[in-house]
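Q: predicted structure and sequence below. I'll ask about it afterward.
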Amino acid sequence: MDNSERVEGFIDLETLDKIRSTLSNSTDQEDVDLAAWIQKNYLYEPIGEAEDGRPISSREGFEKLDRAYKRVRSLTNRAQDKWPFFDRHWKKMPANTVRQVAQGFPAIHGMLCDNFLPIRLRTNSVETPPIRPIVITQVGAQ
């Protein structure tokens, strides 16, 4: 299985259909195009009776679905009744994880894999640069 087929999470179809409906009724062409993309990639037929969600396997999927969620929140001035993003185990995926995966960091069992994040220290909410090794050289040696 290559990375394009790797399931990083799931999207709830009932909530996604409400998002698509709101976007498709927008006067903004970008919203209408996003609604069409959702229909084509996630709400295609047939949808089985027992099918609660569809897998999200790409950075583009997370990015566009997250953008659609935020756009509907902006259009309606409220959040959806249900958070639509779930990890591979059908547990709610934290918003930070959704946004990190949308930026290209892979999710491992619903959590971000630390191997793909830069190592940084946080002290009093101030980010410090990565730790670099100190090289000691002898000065004046012959």
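A: All right, it came through fine. Numbering: from 1, shown residues only.
Q: strands along this protein, start to end?
A: 9-12, 53-56, 85-86, 107-108, 111-112, 121-123, 126-128 (DSSP state E).
Q: run a quick neighbour tally on residue 97.
A: As a burial measure, residue 97 scores 20 neighbours (other CB atoms under 10 Å). C-beta coordinates here come from the backbone N, C-alpha and C atoms, glycine included.
Q: go on, residue 37?
A: 17.
Q: tell me who's in contact with it.
A: Residues in contact with residue 37, defined by CB atoms under 8 Å, 6 or more residues apart in numbering, are residue 64.
Q: ok, 10 Å please
A: Residues in contact with residue 37 (CB atoms under 10 Å, 6 or more residues apart in numbering) are 20, 23, 60, 61, 64, 65, 68.
Q: would you agree the first one is in contact with residue 44?
A: When you say that, I think you mean residue 20. No. Contact criterion CB atoms under 10 Å: residue 20 and residue 44 do not qualify, at 11.6 Å.
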